[in-house]
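Undergrad: What would the 3D arrangement of this be:
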Amino acid sequence: MSAATAQTTDQRSSVTRRSSVAAAGRRSAVTVLRLGDRHPSVPELRARLTASGDIDPNAVGNDIYDSYVEAAVRRFQAATA
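TA: So this is what the prediction gives:
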């Protein structure tokens, strides 16, 4: 497989994975989370961002919406836009 083919295949796989994570992740709306907020939905959000490859799986798994989660959300949104 050529490097170009491998890159295209990897990009398609990434888009497919992100689309399925996004579709599976549609839940009821949560109020706006700001840096430092604690919320019971944050651990599930971290798990979804780990599945999409947007956050390091070794990141602390707590209920705080921290800068790592915020950056991962932005990456996910940019990739699915």
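Undergrad: switch to C-alpha atoms for all contacts and neighbour counts from now on
TA: Noted.
Undergrad: any idea how far Val60 is from Pro43?
TA: 10 Å (C-alpha to C-alpha, to the nearest Å).
Undergrad: more neighbours, the two?
TA: Neighbour tally, Pro43 and Val60, criterion other C-alpha atoms under 10 Å: the higher count belongs to Pro43, 18 against 12.
Undergrad: thought that one was touching Asp63?
TA: Yes: when contacts are counted by C-alpha atoms under 8 Å, Pro43 is listed as touching Asp63 (5.4 Å).
Undergrad: Point out where this structure drops to low pLDDT.
TA: The chain contains residues with pLDDT under 70 at 1-30.
Undergrad: residue ranges for the helices of it, please.
TA: Along the chain, counting by DSSP state H, helices occupy 3-24, 42-51, 67-80.
Undergrad: Just to check, Leu35 is in contact with Ala71?
TA: No: using C-alpha under 8 Å, Leu35 makes no contact with Ala71, being 10.7 Å away.
Undergrad: Return stretch 69-79 as PDB; C-alpha atoms alone will do.
TA: C-alpha atoms of stretch 69-79 as PDB (Å, rounded to 0.1, in the frame of the first residue of the first chain):
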ATOM      1  CA  VAL A  69     -11.400  18.000  28.200                       C
ATOM      2  CA  GLU A  70     -12.000  21.400  26.700                       C
ATOM      3  CA  ALA A  71      -9.200  21.000  24.100                       C
ATOM      4  CA  ALA A  72     -10.400  17.500  23.200                       C
ATOM      5  CA  VAL A  73     -14.000  18.800  22.700                       C
ATOM      6  CA  ARG A  74     -12.600  21.500  20.400                       C
ATOM      7  CA  ARG A  75     -10.600  18.900  18.400                       C
ATOM      8  CA  PHE A  76     -13.700  16.700  18.100                       C
ATOM      9  CA  GLN A  77     -15.900  19.500  17.000                       C
ATOM     10  CA  ALA A  78     -13.400  20.700  14.400                       C
ATOM     11  CA  ALA A  79     -13.000  17.200  13.000                       C
END
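Undergrad: Please consider this matter closed, and thank you.
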